[in-house]
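Q: Fold the following.
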Amino acid sequence: MEITDDTVIIDVRTPEEFQGGHLEGAINIDVQSADFAEKMMELDPNGEYYVYCRSGNRSSQAIAWMNQMGFNGENITNGGGYQDASNATGIALVQ
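A: Have a look, this model is predicted:
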């Protein structure tokens, strides 16, 4: 997938997992946190998003919730696990 300057990269893992390594430029919004929906609603529902986690399970869950919240599903890509996401986009992992 091509990541543009307009693409928001979202890591939906826990803050501890995020600190252990994430894609450069990613923001951390934990899909399992109580304030997930609140944080997501701060984003543009028509924006372009690349969502990833550890294996792809939580990113799928996050995307389903984003769709229910009114986000444009055509603008959301599931990057799967963070290593796969790095390989697919060419974005470096940082710690």
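Q: which intervals of the chain have sub-threshold pLDDT?
A: When residues are selected by pLDDT under 70, those of the chain lie in 1.
Q: in it, which spans are strands?
A: For the chain, strands defined by DSSP state E occupy the ranges 7-11, 22-23, 27-28, 48-53, 76-81, 93-94.
Q: Kindly compare burial across those and name the winner.
A: strand 48-53 (a mean of 24; mean count of other Cβ atoms under 10 Å). From N, CA and C alone the C-beta is placed, and that goes for glycine too.
Q: And it, what does it pack against?
A: Packing contacts for strand 48-53, counted by 3 or more Cβ pairs under 8 Å, 6 or more residues apart in numbering; DSSP states H and E, involve strand 7-11, helix 57-68, strand 76-81, helix 82-89.
Q: Okay, buried residues for the last one please.
A: Read that as helix 82-89. Residues of helix 82-89 classed as buried by neighbour count (16 or more other Cβ atoms under 10 Å): 82, 85-86, 89.
Q: what angle sits between it and helix 57-68?
A: If you take axes from the mean of the first three to the mean of the last three Cα atoms, to 10 degrees, helix 82-89 sits at 70 degrees to helix 57-68.
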